[in-house]
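In: Quick one: sequence plus predicted model below, questions after.
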Amino acid sequence: MNPDQNDAAGTGLQQAAILIIDDDSNNLAILSAVLQEYSYRIFVAEDGESGISRAVLTRPGLILLDVLMPGIDGFETCRRLKSIEGTRDIPVIFMTALAETDHKVRGFAVGAVDYVTKPLQREEVLARVGVHLHIRHLAKELQDANESLEKRVAERTVTLAGMNEELQKEVVERKLAEEALAVKQRELEALNADLEQRVVEEVEKNLEKDRILFHNARLAAMGELLSNIAHQWRQPLNSLGLLLQGALLEFKEGRQNLDSFTLCVKKCMEIVNSLSKIISVFQSFFMPEGVRARFDPIDMVEKAFSIVRASYEQNGIAVRIVNDGTHAMTGFGIEFSQVVLNLLNNAKDVLIERGTPDPAVEIRCGCEDGRNLITISDNAGGIPEDILDKIFDPYFTTKFKSQGTGMALYMSKMIIEKSMGGRLSVRNRHEGAEFSVELPV
């Protein structure tokens, strides 16, 4: 028995009843033996229906529930248990060989408090059972303490009623003191007049600093876009050069005729038109956006990705865009697309810097609880925990001075939270970092 289990023994929680619901008789036998060894009272059931009946009858302190069973599965069994008044508060721990995140999320959604994965590990089962029984015991103690507190509050209320009369006398005295304070307040206001002027001046200085910060960030963003223009134009310009050189060679060799020349001009114009479209897309990123307008976030995401597509392809970075259905909203669409572009550039830079094998980025767009949710995640290994809460600070960067200003993420957070009333956050999960943008519909 490990130290946690010794602690649990000291509380007397082993006398608690545990219901095991599993269609595998071997698992029932093994779990029963392990738990009975620590003096837990054990009840068993081999399917969901009988498990629900046994839970209603015995009211156990905890339920161990298999996910995959004949008849109703573990998820449905848990849902029904949580819909019954007498079993609603009993903690349920799922037992399953399904390790996918979707199954775990589904289990928590129907009311489970924890998971143990098969094959079951004896120490893990004992530890999780002990912890959740202890949590339930503490909840019961808290409820008793609240009832005791309510009783004491009632008694105290009676005492306070007696003190109210004395307080009324103090009110009169306080009014006299307030009059004297008002005189002092006027004197203080005169002294603060000069201070207020100084505060106004300092606020103006800070506003000017903010304007400079955003101007510098704008210049940095323009540099990124110019770099992406170079990536987008390089291949078309090469193709255009080859066509013109081919036409010149045909002319020198006497093979040039009207049909071949017309075909060459047509291909050249197709490339020129393509370059013109690229310029139009990039130009829109620097058009002033003074008023809010309707836009769909997925359109802005795809527009931002079109800017960096060539750079991503050149560096072998795979991109997956998942559209779970966003809602059209009112706001600053161009500014939002600039935020997406900043996050995509940030992900690209860290993947290249760390030399991640099979580098990949996923962009997921959807709508939850009346808010558009856009997440951008990579597989670069995540952000060190000691700087995770600093990356949105102005001028904070992990790059060399010549490679980054430390303003892109700060500017992105200001756009989302100050201009659009949303939220920009980051966390580490799976194989890397995940940035989340939440916007009210």
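Out: Perfect, thanks for sending it. Numbers count the residues shown, from 1 in each chain.

In: Quick one: the strands in the protein, in order.
Out: Remark: strands assigned in the chain by DSSP state E are 17-21, 41-45, 62-66, 92-96, 114-117, 293-295, 318-323, 329-331, 360-368, 371-378, 423-429, 432-440.

In: Go through these and pick out the most buried.
Out: Of the strands of the chain, the one with the most neighbours on average (mean count of other Cβ atoms under 10 Å) is strand 62-66, at a mean of 26. For every residue, glycine as well, the C-beta is placed using N, CA and C.

In: quick one, that strand and strand 41-45 angle?
Out: 30 degrees (axes from the mean of the first three to the mean of the last three Cα atoms, to 10 degrees).

In: show me where pLDDT drops low in the stretch 301-441 of the chain?
Out: Residue ranges of the stretch 301-441 of the chain with pLDDT under 70: 398-407.

In: just the helices in it please.
Out: 333-354, 408-414 (DSSP state H, counting those that start in this stretch).

In: now do the stretch 101-250 of the chain
Out: Along the stretch 101-250 of the chain, counting by DSSP H, counting those that start in this stretch, helices occupy 101-109, 122-252.

In: now the longest one and strand 62-66, what's the angle there?
Out: Taking the same axes, to 10 degrees, one finds that helix 122-252 is oriented at 50 degrees with respect to strand 62-66.

In: For helix 122-252, what does the pLDDT average out to?
Out: Mean pLDDT, computed over helix 122-252, is 76.

In: any idea how far that helix is from the chain center?
Out: Centre-to-centre, helix 122-252 and its host chain are 17 Å apart (Cα atoms, centre = their mean, to the nearest Å).

In: What of stretch 35-49?
Out: Relative to its parent chain, stretch 35-49 has a centroid offset of 38 Å by Cα atoms, centre = their mean.

In: Just the mean pLDDT for it, thanks.
Out: For stretch 35-49, the per-residue pLDDT averages 93.

In: Just the terminal-to-terminal distance for it.
Out: Taking Cα to Cα, to the nearest Å as the measure, stretch 35-49 stretches 23 Å from start to finish.

In: Count the neighbours of Arg186 for me.
Out: 9 (other Cβ atoms under 10 Å).

In: how near is it to Ala177?
Out: As defined by Cβ to Cβ, to the nearest Å, Arg186 lies at a distance of 16 Å from Ala177.

In: so who does His327 touch?
Out: Going by Cβ atoms under 8 Å, 6 or more residues apart in numbering, His327 touches Asp296, Cys367, Asn372, Val441.

In: re earlier: may I see the helices of the stretch 301-441 of the chain arranged in TSV, with distance to Glu362 as well?
Out: As requested, the helices of the stretch 301-441 of the chain are arranged in TSV below (distance: least, Cβ to Cβ, whole Å):
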stretch	distance to Glu362
helix 333-354	10
helix 408-414	18
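
In: Tell me which of those helices lies nearest to Arg198.
Out: With Cβ to Cβ as the criterion, Arg198 lies closest to helix 408-414 of those, at 26.4 Å.

In: Quick one: list the elements packing against that closest one.
Out: On a contact count with 3 or more Cβ pairs under 8 Å, 6 or more residues apart in numbering; DSSP states H and E, helix 408-414 meets helix 122-252, helix 333-354.

In: Could you break the protein into its assigned domains?
Out: 17-120, 287-440 (the TED database).

In: Span of the first one from start to end?
Out: The first and final residues of domain 17-120 sit 20 Å from each other (Cα to Cα).

In: what about the residue of the chain most remote from its centre, distance to Lys267?
Out: Within the chain, Gly254 marks the point farthest from the mean C-alpha position, 65.3 Å out by Cα atoms, centre = their mean. Going from Gly254 to Lys267 by Cβ to Cβ gives 21 Å.

In: just Thr356 next, same as before
Out: Distance, Thr356 to Lys267, by Cβ to Cβ: 38 Å.

In: picking up where we left off before, including distance to Gly162, could the domains of the chain go into a markdown table?
Out: Converted to a markdown table, the domains of the chain look like this (distance: least, Cβ to Cβ, whole Å):
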| stretch | distance to Gly162 |
| --- | --- |
| domain 17-120 | 40 |
| domain 287-440 | 49 |
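
In: distance of Glu37 from Ile21?
Out: Distance, Glu37 to Ile21, using Cβ to Cβ: 20 Å.

In: for His103, that is, sorry about that
Out: 17 Å.

In: wait, doesn't Arg364 sit right on Ile374?
Out: Yes. Between Arg364 and Ile374 there is a contact under Cβ atoms under 8 Å: 7.2 Å.

In: With adjacent residues omitted, what lies nearest to Leu64?
Out: Excluding its sequence neighbours, the residue lying closest to Leu64 (Cβ to Cβ, 6 or more residues apart in numbering) is Ile20, at 4.7 Å.

In: Make sure the one you found is actually in contact with Phe43.
Out: Yes. With contact defined as Cβ under 8 Å, Ile20 and Phe43 form a contacting pair (7.3 Å).

In: quick one on the thing from earlier: how about the helices of the stretch 101-250 of the chain, which one is nearest Ile90?
Out: Taking the helices of the stretch 101-250 of the chain one by one with Cβ to Cβ, helix 122-252 is closest: 8.1 Å.

In: ends of stretch 107-115, how far apart?
Out: Terminal residues of stretch 107-115 are spaced 8 Å apart (Cα to Cα).

In: distance between that stretch and the chain's centre?
Out: For stretch 107-115, the distance to the chain centre is 20 Å (Cα atoms, centre = their mean).

In: quick one: buried residues of that stretch?
Out: For stretch 107-115, the neighbour count (16 or more other Cβ atoms under 10 Å) marks Gly107, Val110, Gly111, Ala112, Val113, Asp114, Tyr115 as buried.
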